[in-house]
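Trainee: Just need the structure, nothing else, for what follows:
(chains A and B)
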There are 2 protein chains.
Amino acid sequence: MFPIPTDLADSIPGASGVADALASMLQRVDEVFRRELTSDLPPVRDLTSHVESYRGKMLRPTLVGLCGLAAHPAWERNPKADPAAMLTDAHAVVAATVEMVHMATLVHDDVLDEADVRRRGRTVNRLYGNEPAVILGDYLIASAYHLCASLPSPGPARAIGRAAMITAAGELLQLHHRGNLSLDEPTYDEIIRGKTAELIATACELGASLSGAGRGAGAALADFGHAVGSAFQIQDDLLDLTGREAVVGKSVGKDLEKGKLTLPVIHHLRACGPTRRGASLALIGSFAEGRSSTGDPDMSRALLDAVRETGSIEYATARARAHVEQAVRGLETLPVSPARSVLEAMARAVVGRDH
Amino acid sequence: MFPIPTDLADSIPGASGVADALASMLQRVDEVFRRELTSDLPPVRDLTSHVESYRGKMLRPTLVGLCGLAAHPAWERNPKADPAAMLTDAHAVVAATVEMVHMATLVHDDVLDEADVRRRGRTVNRLYGNEPAVILGDYLIASAYHLCASLPSPGPARAIGRAAMITAAGELLQLHHRGNLSLDEPTYDEIIRGKTAELIATACELGASLSGAGRGAGAALADFGHAVGSAFQIQDDLLDLTGREAVVGKSVGKDLEKGKLTLPVIHHLRACGPTRRGASLALIGSFAEGRSSTGDPDMSRALLDAVRETGSIEYATARARAHVEQAVRGLETLPVSPARSVLEAMARAVVGRDH
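Mentor: Okay, the predicted model is just below:
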């Protein structure tokens, strides 16, 4: 599960009730997941059971649950309300749907990135080849909408379909700018808002609406999700540049190899002088053309040193922190509750993580 | 549109009313399609407008409409019922959804097949690369379910999600058997029933259910769709082996190149003697290993001659015809109507086509 600080139960009064309600929902998500992905065909079963291991942090299902709790109207009447019965089967179905759509994205992304490692295990494309990986992604997407259509209302499927469109459009925008060494920060922001933040925002908003929250709370939590999602992606991009595979648990150094400029590099190229820029562009170019890679530690270190020198790691970290602060401020419109406090702690944990 | 014989209006009394109702629905499908796939982002718009050209035969939307007409309860009361008002907006939405899911499959299949040509134009993977093609497919799938969730009932999305799962499972089964030179006919049947027939069957069944048809008519049309779909795929596989790219309008010779054994080849290997089998297996192996391809006309001709000699083209054609006859017999449970006659003619046209 996503690293909510373990000492929350002590530091936030009422947090243990929230954690219990969440754990019980995540248990149901797990059951829904297994039931939906069962197949009679052994080649299909092998693949779906392999991707089960991708479900690591469960960030999106956790957000469906926490937003479902934090936006519940019961807190308005009673700040000591019992969260135990706040999360419904519909929350679990939507949480599982969102995670399934997200997993499909991971499987397809690993094909695009030619990544070998995910959650410390081999990727589907590495183990089985690109073709089964593409079709497995399609199978997961189909399963997700099949599952979501078990709800009586088409509303959640409509919202998740829309979010998945925006996710794909964000990825297409990123592919369009691949190798563009003058990519600017507003375009980077637009890309990560699409490819990462939109689905997270939808998870938050649906969690709230399934709890019977009003439009105001739903919109506030959608904003919260957009901000947390953007912070999350900036942190991910930082880890791709600075992290070690053994700690991060997935392939690193892929962004530059694939010609994707991320925030620290964009800032570096903007902040450094013209001479340094020439040298850095040459280094970046050598990554993108496959002449170097994480396999060449000297070149990686030379670029990383240059990026550090312009304070670009700090800049990107500060941007991620600013998103988190914006997210937390947005929560202030919700009634005070232990669920709201846990949600706040969770948002802060996004920028602290090293994986 | 799918090649319904043009002289139908003369040979089937009342066919022109059916053709008009269908044309009007297909017009609405077109509008729904364009509206759903509009994007503010130019890189996305370029790609979606490119795949618009893939909508050629419109087999699946046509079947939604024709089944919607043929299964309409009005014919039971009046064999001269007016088909003009039988097809609803929901028919158009479901028809567009099914076609969008199918187009996504085409885009992903072309990546898997490394195909260069589709509907006489360049494929997305050829023009833009594999990565945008994979994500464009995901965008189309998301658009499809977003569109389908505009209907008040989640039923059609549930059915289409299930069909898309079975489609992907069929493709995974096919990939699993890639390079398996002892693939048998029952497994081939299972593969094509999954990867092609299931979505067609669902199109037929949903067309009927949206017209208020009973379960019996829905099940009969699902069976019809399975049979027509299997015939369609056998014909497609025959064209990949025997057709010329200029006539077929898409890359041919891809099946053997990709290690996929199709019905005529499966029959040939079963029917020929052991000496011939050795020679044919060697030829097939050389295609699969890329040592030959459609670029080597001598080797293609040698294999084709051998396949012809065992009567395997006729065998596969006869199997396709048998599926069509089974499909047509299944229609007999529906009330007599011009729509039923047109549906019957359409099923027969599947095996006659050369593209």
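Trainee: where are the low-confidence patches of the stretch 251-355 of chain A?
Mentor: A:251-252, A:289-297, A:354-355 (pLDDT under 70).
Trainee: How many residues are close by residue A:119?
Mentor: Other residues within reach of residue A:119, judged by other Cβ atoms under 10 Å in any protein chain shown, total 16. For every residue, glycine as well, the C-beta is placed using N, CA and C.
Trainee: which phi and psi does residue A:122 have?
Mentor: phi -70, psi 150 (degrees, to the nearest 10).
Trainee: ugh, wrong one, residue A:39
Mentor: Dihedral pair for residue A:39: phi -140, psi 150, per degrees, to the nearest 10.
Trainee: List the contacts of it.
Mentor: A:45, A:48, B:169 (Cβ atoms under 8 Å, 6 or more residues apart in numbering or on different chains).
Trainee: quick one: which of those residues is nearest residue A:138?
Mentor: Using Cβ to Cβ, residue B:169 is the member of these that lies nearest residue A:138, at 10.0 Å.
Trainee: Only whichever of the contacts of residue A:39 are buried, select them in PyMOL.
Mentor: This is the PyMOL syntax for the buried subset of the contacts of residue A:39, where burial follows 16 or more other Cβ atoms under 10 Å in any protein chain shown:
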select buried, (chain A and resi 48) or (chain B and resi 169)
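Trainee: In helices only, show me the contacts of residue A:39.
Mentor: Judged by DSSP state H, these include A:45, A:48, B:169 as members of helices.
Trainee: Residue A:34 is in contact with the first one, correct?
Mentor: Right, the one you point to is residue A:45. No - with contact defined as Cβ atoms under 8 Å, residue A:45 does not reach residue A:34; the gap is 11.3 Å.
Trainee: which non-adjacent residue is nearest residue A:288?
Mentor: What sits nearest to residue A:288 in space, not counting adjacent residues and going by Cβ to Cβ, 6 or more residues apart in numbering or on different chains, is residue A:259, at 4.2 Å.
Trainee: swap in residue A:138?
Mentor: Closest residue in space to residue A:138, ignoring its immediate chain neighbours: residue B:168 at 4.6 Å, by Cβ to Cβ, 6+ apart.
Trainee: Quick check: that neighbour vs residue B:186, distance?
Mentor: Residue B:168 sits at a distance of 20 Å from residue B:186 (criterion: Cβ to Cβ, to the nearest Å).
Trainee: ditto for residue A:314
Mentor: 64 Å.
Trainee: and the residue located most distally from the centre of chain A, how far is that from residue B:48?
Mentor: The C-alpha centroid of chain A is most remote from residue A:275, which lies 36.4 Å away (Cα atoms, centre = their mean). As judged by Cβ to Cβ, residue A:275 and residue B:48 stand 43 Å apart.
Trainee: Residue A:302 too?
Mentor: On the measure of Cβ to Cβ, residue A:302 and residue B:48 end up 41 Å apart.
Trainee: what's residue A:344 in contact with, if anything?
Mentor: Contact partners of residue A:344, counting by Cβ under 8 Å, 6+ apart, are A:328, A:331.
Trainee: which secondary structure element contains it?
Mentor: Take DSSP states H and E as the rule and residue A:344 turns out to sit in helix A:338-352.
Trainee: How about exporting that helix as PDB, limited to the C-alpha atoms?
Mentor: What follows is helix A:338-352, C-alpha atoms only, in PDB (Å, rounded to 0.1, in the frame of the first residue of the first chain):
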ATOM      1  CA  PRO A 338      -9.500  12.100  10.800                       C
ATOM      2  CA  ALA A 339     -10.000  11.000   7.200                       C
ATOM      3  CA  ARG A 340      -9.100  14.500   6.000                       C
ATOM      4  CA  SER A 341      -6.000  14.500   8.100                       C
ATOM      5  CA  VAL A 342      -4.900  11.100   6.800                       C
ATOM      6  CA  LEU A 343      -5.500  12.400   3.200                       C
ATOM      7  CA  GLU A 344      -3.300  15.400   4.000                       C
ATOM      8  CA  ALA A 345      -0.500  13.100   5.400                       C
ATOM      9  CA  MET A 346      -0.700  10.900   2.300                       C
ATOM     10  CA  ALA A 347      -0.300  13.900   0.000                       C
ATOM     11  CA  ARG A 348       2.800  14.900   1.900                       C
ATOM     12  CA  ALA A 349       4.200  11.400   1.700                       C
ATOM     13  CA  VAL A 350       4.200  11.600  -2.100                       C
ATOM     14  CA  VAL A 351       7.200  14.000  -2.200                       C
ATOM     15  CA  GLY A 352       9.100  12.100   0.500                       C
END
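Trainee: So which elements touch the longest helix seen in chain A?
Mentor: Longest helix in chain A by number of residues (criterion: DSSP H): helix A:215-242. Counting contacts by 3 or more Cβ pairs under 8 Å, 6 or more residues apart in numbering or on different chains; DSSP states H and E, helix A:215-242 packs against helix A:59-70, helix A:185-192, helix A:198-210, helix A:254-257, helix A:263-271, helix A:297-309, helix A:312-330, helix A:338-352.
Trainee: Now tabulate those helices in CSV and tack on distance to residue A:12.
Mentor: Output for those, formatted as CSV (distance: least, Cβ to Cβ, whole Å):
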stretch, distance to residue A:12
helix A:59-70, 12
helix A:185-192, 30
helix A:198-210, 19
helix A:254-257, 36
helix A:263-271, 31
helix A:297-309, 36
helix A:312-330, 14
helix A:338-352, 5
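Trainee: Next, the contact list for residue A:129, please.
Mentor: So residue A:129 contacts residue B:175 (Cβ under 8 Å, 6+ apart).
Trainee: average pLDDT for the helix or strand that contains residue A:143?
Mentor: Element membership for residue A:143, per DSSP H and E: helix A:130-148. Here helix A:130-148 scores 95 as its mean pLDDT.
Trainee: now the angle from that helix to helix B:130-148?
Mentor: On the basis of axes from the mean of the first three to the mean of the last three Cα atoms, to 10 degrees, helix A:130-148 is oriented at 20 degrees to helix B:130-148.
Trainee: counting contacts, what elements does helix A:130-148 pack onto?
Mentor: Against helix A:130-148 (3+ Cβ pairs under 8 Å, 6+ apart) you get helix A:15-37, helix A:42-52, helix A:89-113, helix A:124-128, helix A:155-176, helix B:89-113, helix B:130-148, helix B:155-176.
Trainee: Pull up the pairing partners for the helix or strand following the third one, direction included.
Mentor: In other words, helix A:89-113. Using DSSP H and E, the helix or strand that follows helix A:89-113 in sequence is strand A:117-118. When pairing is defined by DSSP bridges, strand A:117-118 lines up against strand A:121-122 (antiparallel).
Trainee: So residue A:153: helix, strand or coil?
Mentor: coil (DSSP: H, G, I helix; E, B strand; the rest coil).
Trainee: how many neighbours does the nearest residue to it once chain neighbours are set aside have?
Mentor: Once flanking residues are discounted, residue A:153 sits nearest to residue B:154: 7.3 Å by Cβ to Cβ, 6+ apart. Residues lying near residue B:154 (other Cβ under 10 Å) number 23.
Trainee: confidence score at residue B:154?
Mentor: Confidence score, pLDDT, at residue B:154: 97.
Trainee: Give the full set of residues in contact with it.
Mentor: A:148-154, A:157.
Trainee: and if we set it to 7 Å?
Mentor: A:149, A:151, A:154, A:157 (Cβ atoms under 7 Å, 6 or more residues apart in numbering or on different chains).
Trainee: quick one: residue A:333 and residue A:218 touch, right?
Mentor: No - using Cβ atoms under 7 Å as the test, residue A:333 is too far from residue A:218 to be in contact (11.1 Å).
Trainee: and the residue in the stretch 151-300 of chain A that chain B sits nearest to, what is it in contact with?
Mentor: Closest contact between the stretch 151-300 of chain A and chain B, by Cβ to the nearest Cβ, is at residue A:161 (3.0 Å). Contacts for residue A:161 (Cβ under 7 Å, 6+ apart) come out as B:142, B:145-146, B:149.
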